[in-house]
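A.B. asks: Structure for the following, please:
(one chain, ligands or ions: 1)
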Amino acid sequence: MTYRSTRGKDAGTSFSEAVIKGLASDGGLFVPEEEVRFTPDEIKKLCGMDYKGIAAEVIAGYADDFDPAEIRECVDEAYTAAKFPEGPAGFTTLDGSLSVLELWHGPTCAFKDMALQILPLFMKKAVEKRGESKEITILTATSGDTGKAALEGFRDVEGVKIMVFYPSEGVSETQKLQMVTQAGSNVNVVAIVGNFDNAQTGVKKIFSDKAFEKKLLGDGKMLSSANSINWGRLLPQIVYYFYSYARLVASGTVKFGEKIDFCVPTGNFGDILACYYAKKAGLPVEKIICASNENKVVADFLRTGVYDKNREFMTTTSPAMDILVSSNLERLIYDALGKDCGAVKDLMEKLAACGKYEVGKDVLSKIRNDFDSGFSDCGEVSKEIAKIYKKYNYLIDPHTAVGVSVFEKVSDRTRHTVCVSTASPFKFNACVAGSLFGSDAVEGIGEDKVCALLSEKTGIPVPAPLCGLFDREIRFNEVVTPDLMPKTAEDFIYDK
Ligand SMILES: *Cc1c(COP(=O)(O)O)cnc(C)c1O
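C.D. replies: Alright, predicted model coming up:
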């Protein structure tokens, strides 16, 4: 199994090489060159396994330059009971037509841990295999959750340094504190004046600077990415869609072979794309519902075929989804255009030049065979949090609430739907507590107090990784404008 760029170059790239590089040399994203398919019998077998067993099998389907024992080693080291005390993923069936897949039981309380606990292990193995001796610096733009999860995954990993840029406007107080108090000798965290798209654009610019790349190479250094453009991040996310199906079959909620829907709160289109790959690989999935917040550029695209980022960037209560350029969509476009790399390149160049592109009716209808979409605004999200708590005594965060709210609008409940829950409610205390107890109850009091209030009133303990967060020492307080990002990165890479 080899990989190539969505824009045509780098054919024959191994899994290891794709993981190390992150982004293809022409600015495209690595995609598998062959289709991976599990037979119904193989999927049935997966349904009898635990999370780690499923992970080892699914990953092996896409990473054939790792031998099965190496994959199992990575899986075992990533999803330990110490890091995931309640198991890698939680699964709660709320009623006959809706279940919730909880992906926030890891060290940073967001679904990003599912991939970012294992990506560094893939990278370590890939470096060994390829005899790569260059020092790798991971450069990452974050809308709040990737940053912390990547820092936690890569901290103190030998031969690797990690630098995270986060938007000074937009992340929650808890998210910010998680990052600026990060431990580790190889880490750096810098705030950008601007929003996530500014941070992401800045990082992409550094990656595509050929002169800088050459200079780094000359000095025995290279860059890599922990954003979901890295195939090594997408792959571990395919696993939990199979796991969800296994849980539903085990509980008798669906019969083996019966199709289900997934609803995925979407930002950079990584999580939902992994669901699409699971479907392509044979998982019985009918519709994949893309749930957007007010920054509904992807939901609009999935309805109209027009991708248009020329609109106001909205700061919402689900900041991890405040994105106007959803990088991973390029991988879906590649498939929808029949793997016509030239056509993909044209569209992406249009996007870069005018912020807009359009696909034909036939392409859109192909995409709509797999996807449905909708959006919910902050008011609806707040109501949804309160409603789900009242109805099921079940607490969800604002991102998950976007998902559940869109599910209710879009689904006719003919199939069982699994809504992906992407973060712990305790990462977004102000919004969640405000939704349950009214904004008066939370206004003017610090986030630490809101967190305590939320826990006390719901009787749900604050997740261990967030305990004591407000008392930790702040290590990073640098704030720069986007134009200074290259220099800031260079200084860190060269220990200046
Ligand atoms: C990152 C994130 C999302 C969006 O996931 P994508 O893969 O970027 O689409 C949704 N919710 C939370 C809590 C996140 O951290």
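A.B. asks: Ser365 is in contact with Ala336, correct?
C.D. replies: No. The criterion here is C-beta atoms under 8 Å, and Ala336 misses it with Ser365 at 9.7 Å. Backbone N, C-alpha and C define where each C-beta goes, glycine included.
A.B. asks: who's more crowded, these two?
C.D. replies: Ala336 (24 against 11; other C-beta atoms under 10 Å).
A.B. asks: List the residues that contact that one.
C.D. replies: Applying C-beta atoms under 8 Å, 6 or more residues apart in numbering, we find Ala336 in contact with Val359, Val363, Lys366, Ile367.
A.B. asks: again, only this time at 10 Å
C.D. replies: 305, 329, 343-344, 359-360, 362-370 (C-beta atoms under 10 Å, 6 or more residues apart in numbering).
A.B. asks: Quickly list what's touching both of Ala336 and Ser365.
C.D. replies: Residues touching both Ala336 and Ser365 (C-beta under 10 Å, 6+ apart): Gly305.
A.B. asks: The stretch 251-400 of the chain against the ligand: which residues are in contact?
C.D. replies: Pro265, Thr266, Gly267, Asn268, Phe269, Gly270, Asp271, Ile272, Ala320, Met321, His399 (C-beta under 6 Å from any ligand atom).
A.B. asks: What's the local residue count around the fourth one?
C.D. replies: Using other C-beta under 10 Å, the number of residues around Asn268 comes to 24.
A.B. asks: Could I get the pLDDT score of it?
C.D. replies: Note on Asn268: pLDDT of 92.
A.B. asks: So which of the residues of the stretch 251-400 of the chain next to the ligand wins on neighbours?
C.D. replies: In those, the most neighbours by other C-beta under 10 Å go to Thr266, 35 neighbours.
A.B. asks: give the contact list for Arg4.
C.D. replies: 10-13, 18, 24, 28-33, 334, 339, 341.
A.B. asks: So what pairs up with it in the strands?
C.D. replies: Residues in a beta bridge with Arg4, per DSSP bridges, are Val31.
A.B. asks: State the distance from it to Asp335.
C.D. replies: Distance of Arg4 to Asp335, given as C-beta to C-beta, to the nearest Å: 13 Å.
A.B. asks: list residues touching both of these two?
C.D. replies: Contacts common to Arg4 and Asp335, judged by C-beta under 10 Å, 6+ apart, are Val31.
A.B. asks: returning to that earlier point: JSON lines for the residues of the stretch 251-400 of the chain next to the ligand, including secondary structure?
C.D. replies: Output for those, formatted as JSON lines (DSSP: H, G, I helix; E, B strand; the rest coil):
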{"residue": "Pro265", "secondary structure": "strand"}
{"residue": "Thr266", "secondary structure": "coil"}
{"residue": "Gly267", "secondary structure": "coil"}
{"residue": "Asn268", "secondary structure": "coil"}
{"residue": "Phe269", "secondary structure": "coil"}
{"residue": "Gly270", "secondary structure": "helix"}
{"residue": "Asp271", "secondary structure": "helix"}
{"residue": "Ile272", "secondary structure": "helix"}
{"residue": "Ala320", "secondary structure": "helix"}
{"residue": "Met321", "secondary structure": "helix"}
{"residue": "His399", "secondary structure": "helix"}
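A.B. asks: nearest to Ala56, of the contacts of Arg4?
C.D. replies: Pro32 (18.2 Å; C-beta to C-beta).
A.B. asks: and the closest one, how many neighbours?
C.D. replies: The number of residues packed near Pro32 is 19, by other C-beta under 10 Å.
A.B. asks: list the contacts for it?
C.D. replies: By C-beta under 10 Å, 6+ apart, the contact set of Pro32 is 1-4, 15, 18, 61-62, 231, 235, 277, 280, 331.
A.B. asks: The same query, at a cut-off of 7 Å, please.
C.D. replies: Going by C-beta atoms under 7 Å, 6 or more residues apart in numbering, Pro32 touches Met1, Tyr3, Tyr62.
A.B. asks: I would like a PyMOL command selecting only the buried ones among the contacts of Ala336, please.
C.D. replies: Typed into PyMOL, the next command selects the buried ones out of these (criterion: 16 or more other C-beta atoms under 10 Å):
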select buried, resi 305+329+343+344+359+363+364+366+367+370
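A.B. asks: Which ones among the contacts of Ala336 map onto helices?
C.D. replies: Residues of the contacts of Ala336 located in helices (DSSP state H): Leu329, Ala343, Val344, Asp362, Val363, Leu364, Ser365, Lys366, Ile367, Arg368, Asn369, Asp370.
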